[in-house]
Every structure is written in structure tokens, then in C-alpha cells.
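1. Structure, please.
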Amino acid sequence: MLNAEVRRLLSPIPGLTVLVAVGNPWRRDDGVAGYIASCLKPSDGLAVLEAGETPERILDEVAQHAPARVIILDAADFRGTPGEARMISRKDLPGQCLSTHSIPLGWVADLIQSETGAPVFCLGIQIADAGFGEGLSTEVRHTAEEIVRLINGQGKAGKGSWEIEE
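-> Numbers count the residues shown, from 1 in each chain. The predicted structure is shown next:
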């Protein structure tokens, strides 16, 4: 179940939200963000960028969207319950590379905010298994599907899922 803080973060806002999906689909649960990105419906209020293991490669693309906010979505190990989704403060992101990424996410978040002026939020999903292989663990898949349902279900009928009613 998604907590209230995560639900608020995933709610539409005026302007464009850019969701940056980070991770490696060949490391089981580390591919959760890419899985979520592939399931989201296109809309006017949400742009989804798949960054894979190199989120720094999409900095220019994020800036070109002129977002109102940016959400970096990634698998994480914050010692929570497998499948738990949690906002991760930028001060809690490692300053060195401890994951599959080539540059630490804290640096990427700082660069995005510097380039766009938009607030950057990090949403982590607690992994159960980051071993080599394909497919998500049951707990992580359940959370991913809940996030997809939440985002895809938040719009006017017949419109993009994040369009704001006027």
C-alpha cells in the first residue's frame, strides 16, 4: 500500500511532471522503474523518460521539457519492507556510487534542478532481489502495479491521465 506522502507526490500538479525511470532490467527488482514507465499512459501533464543505468544521459532531454517538477523513480535499499515505496530525501542519497548507476543519483538530482529550476523528488521502491535475472519479485511488482493504477487513473475520462480539470 502506498503511503499518503507517496500518493501526494504522484498526484497531478499544474504544469508538466517529468518522471525519470532509472534502473537495470537485468538485475531483477532494479528494473521496477522501467517496468512502471512502460505501463504508463501518455498524457499532456506527464512526460516519462527511461534513463536506464545512466540517468545523466537524459539531462538535456529533461531540461527541454521545461518541467514544473521532476520525479526520479528508482529501486532502492533503504532497509524497508520489500515493495515499500518511500520518498528519499536528497541528503539521504549516497554521494558515491553504490548502485548500478554510473553517477550518484544525488548529483543527477542536483544537476537537473540546476538546469531546470524545477524541484526534484526521489521516489525509491525497496528491493527484495537485485540479483542477475529478469522479472520483478512479487512484492515489488505489486507496488509497481499500484503506482501504475494510481497514475493512469488520475485524469478525465478520454483525456491524458495527468491533465488537470479546469
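2. Just the buried positions in the top helix by length along the chain, please.
-> In terms of residue count, the longest helix belonging to the chain (DSSP state H) is helix 138-152. By neighbour count on 16 or more other C-beta atoms under 10 Å, the buried set for helix 138-152 is Glu139, Val140, Arg141, Thr143, Ala144, Glu146, Ile147, Val148, Ile151, Asn152. (C-beta placed from N, C-alpha, C; glycine too.)
3. How much space separates Val32 from Val20?
-> 13 Å (C-beta to C-beta, to the nearest Å).
4. Give the closest residue to Pro67 in space, chain neighbours not counted.
-> Val18 (4.2 Å; C-beta to C-beta, 6 or more residues apart in numbering).
5. In what element of secondary structure is the one you found found?
-> strand 17-22 (DSSP states H and E).
6. could you pull out the strands for this protein?
-> 17-22, 46-52, 69-76, 85-88, 120-126 (DSSP state E).
7. Point out the most buried one among those.
-> Comparing the strands of the chain by mean neighbour count (mean count of other C-beta atoms under 10 Å), strand 17-22 ranks first with a mean of 25.
8. Where in the protein is the helix or strand with the lowest mean pLDDT?
-> helix 105-116 (a mean of 88; mean pLDDT, DSSP states H and E).
9. Also compute the angle for that one relative to strand 69-76, please.
-> 170 degrees (axes from the mean of the first three to the mean of the last three C-alpha atoms, to 10 degrees).
10. So for stretch 32-50, mean pLDDT?
-> What stretch 32-50 shows for mean pLDDT is 93.
11. make that stretch 76-94, sorry
-> 85.
12. what comes up buried for that stretch?
-> Result for stretch 76-94 [16+ other C-beta under 10 Å]: buried residues Ala76, Pro82, Gly83, Glu84, Ala85, Arg86, Ile88, Leu93.
13. still on that earlier bit, now the angle from the longest helix of the chain to strand 17-22?
-> Using the same axes, to 10 degrees, helix 138-152 lies at 160 degrees relative to strand 17-22.
14. helices or strands next to helix 138-152 in the packing?
-> helix 32-39, strand 120-126 (3 or more C-beta pairs under 8 Å, 6 or more residues apart in numbering; DSSP states H and E).
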